[in-house]
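Trainee: My questions are about this predicted structure, shown below with the sequence.
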Amino acid sequence: MQPACGIFDHISAQPPLDPYPLEFQDAYFGIQLHTNFRSCGHGQCRRLLKLKGTPDLLLLIAIDDTESSNPSKSKSKDPQHPFDVTNLEEASNMFKKMLKQRPRPSIVRFTQLLGQVAKLEHYSVAISWYKQITLLGMGLVPDACTLNIIVNCFCRLNQMGGSFSVLALFFKLGLQPDVTTLNILIRGLGQDNRVDEATSLVRKMEAFGEGCKPNVITFGTLIASCKQGQNDRAIQMLRMMEKNDCKPNVVVYSTIIDSLCKDKLVAKAFNLFSEMKSKGIPPNIVTYTSLFQGLCRLGQWKEASRFFEEMNNNGISPNVQTFSALVDCLCKGAS
DNA sequence: TTAGGGTTAG
């Protein structure tokens, strides 16, 4: 319960988890109440609320752990081939089938399906199905994979209160969030224009325990959350990651280069381009396209043409984005 | 042992 408390001093969540600091004891019920209870009025939800503060949930977890710790039992249950659902209807049919199946499929199997639904961008559906399978009546207890998917679904829906409720649930269930969990939250905060909080979270990540050290994706996400006009901040973050012994890669550099080009700071972008090459980080088609577009937008056709040639000489072939950028500039009459 | 996170156009 302890590692995250300090972090919440700097992250504001929304009801029903106020006030801080969180004790986490209401987390499980909080998320149900937050997303389900108000609208559904089902008996199951009422029962859930009545159980608040009792050890029933823990008992249930203990029962589930006993079952899943028996390898012979769990192995025979589920063939582990991935689902091949291409649309929501197929996924929905599969979900209904799984609900009727006896013995009931494991949480792993349900998690696979939730992951597919989330990939299809049906985030609300994934959350709704998650709630169904974790209601006490079904007795399935989510694992860290399940929760990561749901944290991401809330983030994608721009419902950060829901995301942080699920983070609290990690602790409630004795699960360890990992760097990916936190990266998802950082992305969500950034999209919600809460870059200060995202930065604060990055600085405190290691307090979450082992496996939560910020990585190149953490910084890449944070840098990508800097909107136009925040290039200095993005570059500061680049330096911050280097100080943290985290080597920037082509994605990190390309993100900043693109942002500089969009702000017409093409010379600065080329400085970073030189910097990355001097560090042995080879630019890719994204890097080249951003710079090429930057030159085209300024109407620097000679330079653009020379740069296009350089790109080809370096074995990078233009793609549809490269040509679209060119066509767009020509149509808009940059000169 | 299943899944989840960062970059380019219009």
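Mentor: Happy to help now that I have it. Being a predicted model, the structure only gives us computed values, none of them experimental.
Trainee: Low-confidence ranges, chain A, go.
Mentor: Within chain A, the segments meeting pLDDT under 70 span A:1-81, A:136, A:334-335.
Trainee: Pull the contacting residues for the residue most central in space within chain A.
Mentor: Closest residue to the average C-alpha location of chain A: residue A:184 at 2.7 Å, with CA atoms, centre = their mean. Contacts of residue A:184 were listed using CB atoms under 8 Å, 6 or more residues apart in numbering, and they are A:148, A:151-152, A:155, A:163. Glycine gets a C-beta too; all of them are placed from N, C-alpha and C.
Trainee: And residue A:251, by the same measure?
Mentor: Per CB under 8 Å, 6+ apart, neighbours of residue A:251: A:216, A:220, A:286.
Trainee: pretty sure the second one is in contact with residue A:252, am I right?
Mentor: Yes - distance between residue A:220 and residue A:252: 5.0 Å, which falls inside the contact criterion (CB atoms under 8 Å).
Trainee: Same drill for the two, tell me which one is more crowded.
Mentor: residue A:252 (26 against 23; other CB atoms under 10 Å).
Trainee: need the residues of the stretch 201-335 of chain A near DNA strand B, please.
Mentor: When proximity is defined as CB under 7 Å from any atom of the strand, the stretch 201-335 of chain A approaches DNA strand B at A:215-218, A:220-221, A:224, A:249-252, A:254-255, A:258, A:262, A:284-287, A:289-290, A:293, A:319-322, A:324-325, A:328.
Trainee: Whichever of the residues you listed end up buried, select them in PyMOL.
Mentor: A single PyMOL command selects the buried members of these (16 or more other CB atoms under 10 Å):
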select buried, chain A and resi 215+217+218+220+221+224+251+252+254+255+258+262+285+286+287+289+290+293+322+325
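Trainee: Just the residues of the stretch 201-335 of chain A next to DNA strand B: which are in helices?
Mentor: Among these, the subset assigned to helices under DSSP state H consists of A:216-218, A:220-221, A:224, A:250-252, A:254-255, A:258, A:262, A:285-287, A:289-290, A:293, A:320-322, A:324-325, A:328.
Trainee: okay, now the domains of chain A?
Mentor: Structural domains assigned to chain A are A:1-175, A:284-335, following automatic domain parsing.
Trainee: ok, the residue nearest to the centre of chain A to residue A:218 distance?
Mentor: 11 Å (CB to CB, to the nearest Å).
Trainee: Go through the contacts of residue A:184 and flag which are in helices.
Mentor: Among those, the members that lie in helices (by DSSP H) are A:148, A:151-152, A:155, A:163.
Trainee: What is the nearest of those to residue A:109?
Mentor: Closest to residue A:109 out of the ones in helices among the contacts of residue A:184 is residue A:148 (16.4 Å), distances taken as CB to CB.
Trainee: Surely that closest one and residue A:183 touch.
Mentor: No - applying CB under 8 Å as the test, residue A:148 and residue A:183 come out as separate, 9.7 Å apart.
Trainee: Tell me which ones among the ones in helices among the contacts of residue A:184 also neighbour DNA strand B, please.
Mentor: Within the ones in helices among the contacts of residue A:184, those near DNA strand B by CB under 7 Å from any atom of the strand are A:148, A:152.
Trainee: Next, format the ones in helices among the contacts of residue A:184 as CSV and append neighbour count.
Mentor: Below are the ones in helices among the contacts of residue A:184 laid out as CSV (neighbours: other CB atoms under 10 Å):
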residue, neighbour count
A:148, 23
A:151, 26
A:152, 23
A:155, 23
A:163, 26
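Trainee: Sticking with the residue nearest to the centre of chain A, tell me its helix or strand.
Mentor: Here residue A:184, judged by DSSP states H and E, is contained in helix A:179-191.
Trainee: Quick one: name whatever helix or strand follows that helix.
Mentor: helix A:195-204.
Trainee: That following helix to helix A:179-191, inter-axis angle?
Mentor: Relative orientation of helix A:195-204 versus helix A:179-191 (axes from the mean of the first three to the mean of the last three CA atoms, to 10 degrees): 160 degrees.
Trainee: What segments of the stretch 51-200 of chain A are helices?
Mentor: A:56-68, A:71-77, A:88-100, A:107-119, A:123-134, A:144-156, A:160-172, A:179-191, A:195-204 (DSSP state H, counting those that start in this stretch).
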